[in-house]
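I'd like to go over a predicted model; first the sequence, then the structure.
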Protein chains: 2
Amino acid sequence: MPRILRLAAAQMGPNQRADSRESILARMIALLEEAAGKGAKLVVFPELAFTTFFPRWLIEGEELDQYYEAAMPNPQVQPLFDRARELGVGFYVGYAERTADGKRFNSAITTGPDGSIVGKYRKVHLPGSVEPRVGDRFQQLEKRYFEYGDLGFPAFRGPAEWGAPVMGMLVCNDRRWPEAWRVYGLQGVELMVMGYNSAAYDPNGGTTENEAIRTFHSTLAAQSNAYMNATWAVSVAKAGNEDGSGLIGGSVIVDPNGVVVAQAQTLGDEVLVADCDLDQVRQGKEKMFNFAAHRRPEHYRRITEQVGAEPPA
Amino acid sequence: MPRILRLAAAQMGPNQRADSRESILARMIALLEEAAGKGAKLVVFPELAFTTFFPRWLIEGEELDQYYEAAMPNPQVQPLFDRARELGVGFYVGYAERTADGKRFNSAITTGPDGSIVGKYRKVHLPGSVEPRVGDRFQQLEKRYFEYGDLGFPAFRGPAEWGAPVMGMLVCNDRRWPEAWRVYGLQGVELMVMGYNSAAYDPNGGTTENEAIRTFHSTLAAQSNAYMNATWAVSVAKAGNEDGSGLIGGSVIVDPNGVVVAQAQTLGDEVLVADCDLDQVRQGKEKMFNFAAHRRPEHYRRITEQVGAEPPA
């Protein structure tokens, strides 16, 4: 029986700091309804979808606390969960998580068609710095505001209604790290879902990157890692001018050949839909990337035994 | 002082089984001279550059032995070494190696401007099978004809005349494996050189791949792994109709952003040249891919602890 899953990428335009949570949620519900109207069974939203990308500022105390969700769902986001369950549509969404014992993570969940949470992920590859850079208008303070994800890269089985795909989640910067994809690949992943907020300039203070090259990088990372792990991938932006700081768009749905089958054309709210034949992963998994036949881990030890680069003398 | 190295990719058209070694070497020397005439200091030839891609057939005994080099250099290839030394040009070349104790590898060397061998590599990711597939016109018998490379992924310093770049070599199928690139990345690689012979159809017997998608895969692997390891990369084909079997072209020189700066337009002998600013790697190595700051090896353990995929229940 063919396993065809209709997927949607729900790219979001900017969430301004002054926007109410209600207005943002209303946009997300509108995107969900549009995707469901087009027949999608799973809708992928961006990283930190409910708020502005607050790590661009140094913020403290109560002002900072308001950006975190103390439970998922919670009353502020419940209408999205309710509408999704009514429509029988699952979703991936990224959010700032604060645990009962006060830990903070850059997290994502995936829900099934019945509204239950079927997968949970905490971002491992936090970019940026703990301390703000002096003199810069915008910061990248994820290392200050979040702890490193402590769940690893946990693949899970999607619902039977979707064809029970092996699924994996990433958040933003994770998508540039082939180690993250490979750990999912080694769990037989068939569908990767991820959201991002990527600056249209180098948020680390470099001067050689612009919006065009950073959008190219984002697409390249999704295409190549989908190909090299023989998986479908959905990579979704929050885009546009958010509180005076540019975010790239370029949301994509990519097939297991690394071919882009749908790509956002705007920097605003935009729904992409594609029918994904999950069995298309078999060519890669059984031939070129038959890991059991071809991998040679005895030569990969540096990957786990060292952190930074160690150049020859 | 800027470190600008002018590189050449010396794509080769097919080497027919009936071609003499002398005629093949004459073509390689012509490509070397063309590259040197354009100012290149390092010329990258393909995998198994001195012969046809013999693993496409089941061959035994003396007929098979003739494809291997018992020493490097040796009298059959000495004119290439001599001409390169005269021109002050180094080169990468792939060849079938037979050691004094009878081991066989799919190997590559890099020579410096004085003709000395400065780097040696033996292909780790051997594709194909040990036993021929019944009924297929062409085989992929690398696992029969070669042992797995036993040198790992040994980065080395190129000559001072080239700016002393940290270099790494791969051979063909290796370029599709992010583990191989990352092990070099973890040695601070600045310039990756590799040759390939990639069939224009799926040599593993799949039916969904054609020349266009396989050329796309080849380019995508070079671009993305160059980007994710912040390195220059030169990836060079033996191309065209070789003994009735198609080989893709698509040789490329790729910058550390993953951008193709030169690409072959033919399936024949063709020289590509580009000026590579080796310090362009610094943006990636110091910012996005600052490994020491951002990698989390505690979550990568599957990469070295398992070989094949292990899907969730």
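Structure received. Numbering: from 1, shown residues only, chains lettered A, B, ... in the order given.

quick one, what contacts the nearest residue to A:F138 once chain neighbours are set aside?
Nearest in space to A:F138, with sequence neighbours left out and distances taken as Cβ to Cβ, 6 or more residues apart in numbering or on different chains, is A:R56 at 4.5 Å. Quick note: C-beta positions are derived from backbone N, CA and C, even for glycine. Contact criterion Cβ atoms under 8 Å, 6 or more residues apart in numbering or on different chains gives A:F138, A:Q139, A:Q140, A:L141, A:A199, A:P203, A:D243, A:S245 as the residues in contact with A:R56.

any idea which of these is least confident?
pLDDT is lowest at A:P203 among the contacts of A:R56; the value there is 84.

I'd say that residue and A:R137 touch.
No: at 11.1 Å, A:P203 and A:R137 do not qualify as touching, with contact defined as Cβ atoms under 8 Å.

quick one, which of these two is more surrounded?
Looking at A:P203 and A:R137 with other Cβ atoms under 10 Å in any protein chain shown, you find the greater number of neighbours at A:P203, namely 28 against 9.

what sits closest to the more buried one if chain neighbours are left out?
In this structure, A:P203 finds its nearest non-sequential neighbour in A:Q140, 3.9 Å apart by Cβ to Cβ, 6+ apart.

mind jotting down where the helices sit in chain A?
A:21-37, A:61-65, A:78-87, A:142-145, A:178-185, A:211-228, A:281-286, A:291-294, A:302-305 (DSSP state H).

show me what the last one is packed against.
Under the contact definition 3 or more Cβ pairs under 8 Å, 6 or more residues apart in numbering or on different chains; DSSP states H and E, helix A:302-305 sits against helix B:178-185, helix B:302-305.

ok so, going back, I'd like the helices of chain A as CSV, with mean neighbour count and mean pLDDT appended.
CSV is the format used below for the helices of chain A (neighbours: other Cβ atoms under 10 Å in any protein chain shown; pLDDT from 0 to 100):
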stretch, mean neighbour count, mean pLDDT
helix A:21-37, 17, 98
helix A:61-65, 11, 94
helix A:78-87, 17, 98
helix A:142-145, 20, 98
helix A:178-185, 26, 98
helix A:211-228, 22, 98
helix A:281-286, 19, 96
helix A:291-294, 17, 98
helix A:302-305, 18, 98
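
which of the helices and strands packed on helix A:302-305 sits closest to A:Q280?
Shortest separation from A:Q280 across those is recorded for helix B:178-185, at 20.7 Å, computed as Cβ to Cβ.

using PDB, write out every CA atom in the closest one.
What follows is the C-alpha trace of helix B:178-185 in PDB, where atoms were taken according to Å, rounded to 0.1, in the frame of the first residue of the first chain:
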ATOM      1  CA  PRO B 178      29.400  13.400   5.800                       C
ATOM      2  CA  GLU B 179      31.400  11.400   8.300                       C
ATOM      3  CA  ALA B 180      34.400  11.500   6.000                       C
ATOM      4  CA  TRP B 181      34.200  15.200   5.500                       C
ATOM      5  CA  ARG B 182      33.600  15.900   9.200                       C
ATOM      6  CA  VAL B 183      36.700  13.800  10.300                       C
ATOM      7  CA  TYR B 184      38.700  16.100   8.000                       C
ATOM      8  CA  GLY B 185      36.800  19.100   9.300                       C
END
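
any idea of the angle that helix forms with helix A:178-185?
150 degrees (axes from the mean of the first three to the mean of the last three Cα atoms, to 10 degrees).

show residues contacting helix B:178-185.
Contacts of helix B:178-185 with the rest of the structure, by Cβ under 8 Å, 6+ apart, involve A:178-179, A:181-182, A:225, A:228, A:295, A:297, A:299-300, A:302-303, A:309, B:124-125, B:152-153, B:155, B:168, B:170, B:174-175, B:192, B:225, B:228-231, B:289, B:291, B:303.

read off the pLDDT value for the closest residue in space to A:Q11 that isn't next to it in sequence.
If you skip the residues right next to it in sequence, A:Q11 has A:S251 as its closest partner in space, 4.1 Å away by Cβ to Cβ, 6+ apart. The predicted local confidence for A:S251 comes out at a pLDDT of 98.

how about the contacts made by A:S251?
By Cβ under 8 Å, 6+ apart, A:S251 lies in contact with A:A9, A:Q11, A:S235, A:V236, A:A237, A:A239, A:Q263, A:A264, A:E270, A:L272.

pretty sure A:P154 sits against A:R122.
No: in this structure, A:P154 is not within contact of A:R122 by Cβ under 8 Å, at 9.7 Å.

tell me which of these two has more neighbours.
Neighbours were tallied for A:P154 and for A:R122 using other Cβ under 10 Å; the higher tally belongs to A:R122 (22 against 17).

now that one: how far from chain B?
Spatial separation of A:R122 from chain B under the definition Cβ to the nearest Cβ, to the nearest Å is 10 Å.

in stretch A:306-313, what counts as buried?
Residues of stretch A:306-313 classed as buried under the neighbour-count rule (16 or more other Cβ atoms under 10 Å in any protein chain shown) are A:Q306, A:A309.

same thing with stretch A:42-60?
For stretch A:42-60, the buried set under the neighbour-count rule, 16+ other Cβ under 10 Å, comprises A:42-57, A:59.

chain center to it, what's the gap?
Relative to the chain's own centre, stretch A:42-60 is displaced by 11 Å; criterion: Cα atoms, centre = their mean, to the nearest Å.

end to end, how far does it reach?
Using Cα to Cα, to the nearest Å, one end of stretch A:42-60 lies 36 Å from the other.

wait, which of the helices of chain A is closest to B:E86?
helix A:302-305 (38.3 Å).

so what touches the closest one?
A:E179, B:E179, B:R182, B:V183, B:L186, B:Q187, B:P297, B:Y300, B:R301, B:I303, B:T304.

quick one: which two of those are the most distant?
The widest separation within the contacts of helix A:302-305 (Cβ to Cβ) is 20.6 Å, between B:Q187 and B:R301.

skip the chain neighbours and tell me the closest residue to A:A293.
Taking Cβ to Cβ, 6+ apart as the measure, A:A293 lies nearest to B:G308, with 7.9 Å between them; neighbours along the chain are not counted.

per-residue pLDDT of the one you found, please?
Model confidence at B:G308 (pLDDT) stands at 98.

picking up where we left off before, with neighbour numbers in mind, choose between B:Q187 and B:R301.
Neighbours per residue, other Cβ under 10 Å: of B:Q187 and B:R301, the larger number sits with B:Q187, 22 against 14.

what about A:A70, distance to A:R296?
With distances taken as Cβ to Cβ, to the nearest Å, A:A70 is found 46 Å from A:R296.

neighbour-wise, which of the two wins?
Comparing A:A70 with A:R296 by neighbour count (other Cβ under 10 Å), the higher total belongs to A:R296, at 17 against 11.
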